[in-house]
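**Q** this one's sequence-less:
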């Protein structure tokens, strides 16, 4: 069920699976840093409304991976809120698999116990991993 769409991304949920799917669109390249944060914050807004345990983000069209300011915000503001909202598995679809963001996370005390984050180059593998959770 589609719950949000813009020129930059869409958010769908599958309530029976407690799953949220986020897809970034090519037009997201037109966003500035504040626009990216606003778009990502939509995920948090809908997590408050819907009982979700798992997220799959298709980031293949997300153009801001090398932006240190946005990545710092994701690691230190966004992800702690994701954890607080009870997300257990967070799958990120990329063109090719990369190192998990939490391997270099500064405060890794209890994060691994609260949430599992994995990168996948294959959507089906991400689906299988989410279903195993």
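**A** That came through, no problem. Just so you know, these numbers come straight off a predicted model, no measurement behind them.

**Q** Residue 60: neighbouring residues, count only.
**A** Counted with other C-beta atoms under 10 Å, residues neighbouring residue 60 total 14. C-beta coordinates here come from the backbone N, C-alpha and C atoms, glycine included.

**Q** Let's verify it: helix, strand, or coil?
**A** For residue 60, the assignment made with DSSP: H, G, I helix; E, B strand; the rest coil gives coil.

**Q** Over to it: give its phi and psi.
**A** phi -60, psi -30 (degrees, to the nearest 10).

**Q** my read: it touches residue 119, true?
**A** No: in this structure residue 60 lies outside contact range of residue 119 using C-beta atoms under 8 Å: 11.4 Å.

**Q** Can you pull the residues that touch both of the two?
**A** 93, 94 (C-beta atoms under 8 Å, 6 or more residues apart in numbering).

**Q** In the chain, what helix or strand scores lowest on average pLDDT?
**A** Lowest by mean pLDDT, DSSP states H and E among the helices and strands of the chain is helix 111-114, with a mean of 60.

**Q** in the sheet, who's paired with the residue nearest the centre of the chain?
**A** For the chain, the residue nearest the mean C-alpha position is residue 57 (4.7 Å; C-alpha atoms, centre = their mean). Following DSSP bridges, residue 57 is listed with bridge partners residue 22, residue 92.

**Q** Would you confirm that it contacts residue 91?
**A** Yes: when contacts are counted by C-beta under 8 Å, residue 57 is listed as touching residue 91 (7.2 Å).

**Q** For the chain, just list every one of the strands.
**A** Per DSSP state E, the chain carries strands over the ranges 2-5, 9-14, 19-24, 54-58, 89-93, 116-120.

**Q** list the contacts for residue 73?
**A** For residue 73, the contacting residues are residue 37, by C-beta under 8 Å, 6+ apart.
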